[in-house]
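[1] Here is a sequence together with a model predicted from it:
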Amino acid sequence: MSANTKIVIIGCGISGISAAQRLVNAGFHHIRILEATERSGGRIKTGRFGNSIVEIGANWIHGPCEENPVFCLARRYGLLDPEALTPENQAMDVGGHPPWVPNVFSSSGQKLNAEDLYPALKMFSELLYESSEFQSQGGEPWASVGDFIRAEVPQRAAEKWKDTDAKARSLQLCVISSMLKVECCVNGTHSMDEVGLGAYGLYKTLPGLDCTFPGGYEGLIKNLMSELPSGIVTYNRPVRCVHWNNSEKRENPVTVECDDGERIDADHVIVTVPLGYLKKHHSTLFHPPLPLHKLHSVQRLGFGTNNKIYVEFDSPWWDADCEVIYFVWEDEEDMVDQVPDIQRSWIKKLFGFTVLKPTERYGHVLCGWIAGHESEYMETLSEQEVSHAITQLIRRFTGNPIVTPRRVLRSQWFHDPWTRGSYSYPGKGCSVQDLENMMEPLPVKASQSQPLQVLFAGEATHPHYYSTVHGAVLSGWREADRLISHYSSVHPSEPPKSKL
Ligand SMILES: Cc1cc2nc3c(=O)[nH]c(=O)nc-3n(C[C@H](O)[C@H](O)[C@H](O)COP(=O)(O)OP(=O)(O)OC[C@H]3O[C@@H](n4cnc5c(N)ncnc54)[C@H](O)[C@@H]3O)c2cc1C
């Protein structure tokens, strides 16, 4: 029934792979994936760091439970630790913020008692929860999550911390600044001032305590790829332009033009390029251009940078049970998550580190997290410069003048020309309509042209799980299903005829 339908998928990240797998399983034979780079996986990228395997891109399965397709696939392929498979792990609902054991250090070189900072942590998590509620209630008082938090904290602090002395109160406010930097990483944004308050709650979490792939996230990609027909992907083949609504008397409505000049005719094209790429190249990537409502959604949705800096030590300077390390700058009581002089002080944006566990597998390895323009600037520095800045920072916060990393490795997602950042978030003024516009196929419904010429998948097209691997998988399946149901319900006996 679908034997001759020609489908081109642009991008061999997990959304493109997922779409291809679903279509192949449904009996579509003429499928090609065009990938700009020499590898599959896109933002799922595993690397080596000394003797360890580390993730350059996606790190966790967020919410590993039965509803999470990534968890189900990883379980099927035997890629998870037994602990992650337990019903207790799947049932644990932490609302997206795992209850990690923290160590906290201050800029004057003190190890702080984490319990003393509990008032700030509690207030911050309440404010995040309230931020997510505006999505269903409407009537948000501020445009961004950052504005809301900065407006609310002083009022609540005046009431709740009235008996706290000035120094302790100032420290609580500095902790809020650190937590804002954490949220910049979680949301993949430069500042929480850029995350829309009304749309913040669109993101939905799944139950299950986040878990990792002991052998690397790319194991998932390898397993999925092994189930696709060999030769389905053409690597090092960037697409320059998707010509849709072909006016020339061509047999197929879409022509995909590659950078090397190759032109491929197709009935349908599934575009899975990252939103960062789309923001930069939309005007040349589509001919005719994207309809205005779709373009506006591309522009309104945010796509920022979150990078990792792996650091290895001979011995730990953190507690044995520590899972996350926070650095609190004691001069940041004005609740800022942006550094005024990026070139001089970019390192202040790094909120701290997560600890790679278990130690038997990784040794003493930390993963530093840094978001925003400071992170983009960090990418331009040499590895030695980054290593130097990290060393100075750790020496200052621990008060240990000799602690020295054995090696350092950082990601550079902003300067990846095929990604241009890390992942998407709802910007100011965004609504669910923007995500619906993102996934809307071309031509739009009212048109008389052949339907479903250009379809859109990828993490930034999922209405609730944007920014995640499971969102990307579900978006690929969604677009494959759109085509499958089109051929089974609309033209059961008349698929377009042509050969790839
Ligand atoms: C640092 C970091 C940490 C993350 N952590 C997590 C995490 O812990 N958990 C989680 O669930 N998610 C995480 N994510 C997000 C997750 O990696 C992505 O949501 C997901 O991998 C996106 O898949 P995708 O298929 O939509 O896009 P991609 O994986 O980006 O695939 C798109 C593909 O399109 C290709 N491409 C681009 N332009 C062209 C062109 N013109 N022609 C041809 N090909 C093109 C690219 O090379 C790429 O291979 C993280 C991401 C980053 C960067």
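    Thanks, I have it. Numbers count the residues shown, from 1 in each chain.
[2] Quick check: residue 128 touching residue 183?
    Yes - if you go by CB atoms under 8 Å, residue 128 and residue 183 touch, sitting 7.2 Å apart. Backbone N, C-alpha and C define where each C-beta goes, glycine included.
[3] who touches both of the two?
    Shared contacts of residue 128 and residue 183 (CB atoms under 8 Å, 6 or more residues apart in numbering): residue 145.
[4] if you count what's nearby, which of the two comes out ahead?
    Using other CB atoms under 10 Å, the more surrounded residue of residue 128 and residue 183 is residue 183, with 24 against 21.
[5] Which elements pack onto the helix or strand where the more buried one lies?
    Counting by DSSP states H and E, the element that carries residue 183 is helix 166-187. Counting contacts by 3 or more CB pairs under 8 Å, 6 or more residues apart in numbering; DSSP states H and E, helix 166-187 is packed against helix 118-137, helix 145-160, strand 324-328, strand 364-371.
[6] any idea of the angle the longest one forms with helix 166-187?
    Spelled out, it's helix 118-137. Following axes from the mean of the first three to the mean of the last three CA atoms, to 10 degrees, one obtains 40 degrees for the angle between helix 118-137 and helix 166-187.
[7] for the ligand, what are the nearby residues on the stretch 201-350 of the chain?
    238-239, 272-274, 277, 306, 308 (CB under 6 Å from any ligand atom).
[8] Revised request: answer the last question for the stretch 1-150 of the chain.
    Residues of the stretch 1-150 of the chain lying close to the ligand by CB under 6 Å from any ligand atom are 10-16, 34-37, 42-44, 57-60, 62.
[9] Give me the subset of those lying in strands.
    Secondary structure from DSSP state E places 10, 34 of those in strands.
[10] what bridges to the residue of the stretch 101-250 of the chain found nearest the ligand?
    Of all residues in the stretch 101-250 of the chain, the one sitting closest to the ligand is residue 239 (3.8 Å; CB to the nearest ligand atom). Residues in a beta bridge with residue 239, per DSSP bridges, are residue 258.
[11] And the pLDDT for it?
    pLDDT recorded at residue 239 is 98.
[12] so where is the protein shaky, pLDDT-wise?
    1-3, 249, 446, 490-500 (pLDDT under 70).
[13] Got the phi and psi for the nearest residue to residue 277 once chain neighbours are set aside?
    Closest residue to residue 277 apart from its sequence neighbours, by CB to CB, 6 or more residues apart in numbering: residue 420 at 5.5 Å. With angles defined as degrees, to the nearest 10, residue 420 sits at phi 60, psi 40.
[14] Settle this for me: residue 420 is touching residue 280, isn't it.
    Yes - counting by CB under 8 Å, residue 280 is a contact partner of residue 420 at 5.7 Å.
[15] which of the two has more neighbours?
    With neighbours defined as other CB under 10 Å, residue 420 and residue 280 compare such that residue 420 has more, 21 against 15.
[16] What distance do you get for that one to the ligand?
    9 Å (CB to the nearest ligand atom, to the nearest Å).
[17] show me what contacts that residue?
    Residue 420 touches 274, 276-277, 279-280, 303, 414, counting by CB under 8 Å, 6+ apart.
[18] Taking the residues you listed, please make a PyMOL selection of just the buried ones.
    Selecting only the buried entries of those in PyMOL, with 16 or more other CB atoms under 10 Å as the criterion:
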select buried, resi 274+276+277+279+303+414
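[19] In helices, which of the contacts of residue 420 appear?
    In helices, defined here by DSSP state H, the members of these are 276-277, 279-280.
[20] out of those residues, who's nearest residue 260?
    residue 277 (18.1 Å; CB to CB).
[21] residues contacting that closest one?
    Taking CB under 8 Å, 6+ apart, we find residue 277 in contact with 417-420.
[22] In those residues, which residue is surrounded by the most others?
    residue 419 (24 neighbours).
[23] Isn't that one up against residue 43?
    Yes - judged on CB under 8 Å, residue 419 makes contact with residue 43 at a distance of 6.4 Å.
[24] where do the contact lists of these two overlap?
    Common contact partners of residue 419 and residue 43 (CB under 8 Å, 6+ apart): 274, 413.
[25] Please report how far residue 325 lies from residue 314.
    17 Å (CB to CB, to the nearest Å).
[26] Please identify which of those two sits among more neighbours.
    Taking other CB under 10 Å, residue 325 and residue 314 do not tie; residue 325 has more neighbours (23 against 10).
[27] I'd guessed the more buried one sits against residue 353; true?
    Yes - at 4.5 Å, residue 325 counts as touching residue 353 under the criterion of CB under 8 Å.
[28] which residues do those two both contact?
    By CB under 8 Å, 6+ apart, the residues touching both residue 325 and residue 353 are residue 366.
[29] show me where the stretch 301-450 of the chain has strands.
    For the stretch 301-450 of the chain, the strands defined by DSSP state E, counting those that start in this stretch cover 302-304, 306-313, 324-328, 352-355, 364-371, 407-410, 423-425.
[30] so where do the helices sit in the stretch 201-350 of the chain?
    With DSSP state H, counting those that start in this stretch as the criterion, the stretch 201-350 of the chain has helices at 218-226, 275-285, 292-300, 342-345.
[31] Is it possible to get JSON lines of those helices that adds distance to residue 376?
    Shown next, in JSON lines, are those (distance: least, CB to CB, whole Å):
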{"stretch": "helix 218-226", "distance to residue 376": "25"}
{"stretch": "helix 275-285", "distance to residue 376": "11"}
{"stretch": "helix 292-300", "distance to residue 376": "19"}
{"stretch": "helix 342-345", "distance to residue 376": "9"}
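[32] Distance of residue 100 relative to residue 434?
    Taking CB to CB, one finds residue 100 at 32 Å from residue 434.
[33] who's more crowded, these two?
    Taking neighbours as other CB under 10 Å, residue 100 and residue 434 compare with residue 434 leading, 24 against 13.
[34] quick one, what contacts the more buried one?
    Applying CB under 8 Å, 6+ apart, the residues near residue 434 are 199, 296-297, 300-301, 426.
[35] Repeat that for residue 170.
    Contacts for residue 170 were tallied using CB under 8 Å, 6+ apart; they are 330, 333.
[36] one more time with 7 Å, if that's ok
    Neighbouring residues of residue 170 by CB atoms under 7 Å, 6 or more residues apart in numbering: residue 333.
[37] go on, the one 3 residues further on?
    Residue 173 sits next to 333, 335 when contact means CB under 7 Å, 6+ apart.
[38] how close does it sit to residue 376?
    27 Å.
[39] related to what we said a few turns ago, looking at the ones in helices among the contacts of residue 420, which one is closest to the ligand?
    Closest to the ligand, out of all of those and judged by CB to the nearest ligand atom, is residue 277, at 4.7 Å.
[40] Please parse this protein into its domains.
    Using automatic domain parsing, the domain parsing of the chain gives 6-44+214-302+423-489, 97-204+306-410.
[41] how far does the shortest one stretch from start to finish?
    This stretch, domain 6-44+214-302+423-489, spans 18 Å end to end (CA to CA, to the nearest Å).
[42] who touches the helix or strand where residue 104 lies?
    Element membership of residue 104 [criterion: DSSP H and E] is strand 102-106. Contacts to strand 102-106, defined as CB under 7 Å, 6+ apart, come from residues 111-112, 114, 117, 318-319, 322, 324-328, 330, 397-398.
[43] let's see it at 6 Å
    Residues from elsewhere that reach strand 102-106 (CB atoms under 6 Å, 6 or more residues apart in numbering): 111-112, 114, 318-319, 322, 324-328, 330, 397.
[44] what do you get for stretch 360-367?
    Contacts of stretch 360-367 (CB under 6 Å, 6+ apart): 52, 308, 310-313, 316, 353-356.
[45] closest to residue 81 among those?
    Nearest to residue 81, judged by CB to CB, of the contacts of stretch 360-367 is residue 356 at 13.5 Å.
[46] The helix or strand harbouring residue 8 pairs with which strands, and in what direction?
    For residue 8, the enclosing helix or strand under DSSP H and E is strand 6-10. Using DSSP bridges, the strands paired with strand 6-10 are strand 30-34 (parallel), strand 268-271 (parallel).
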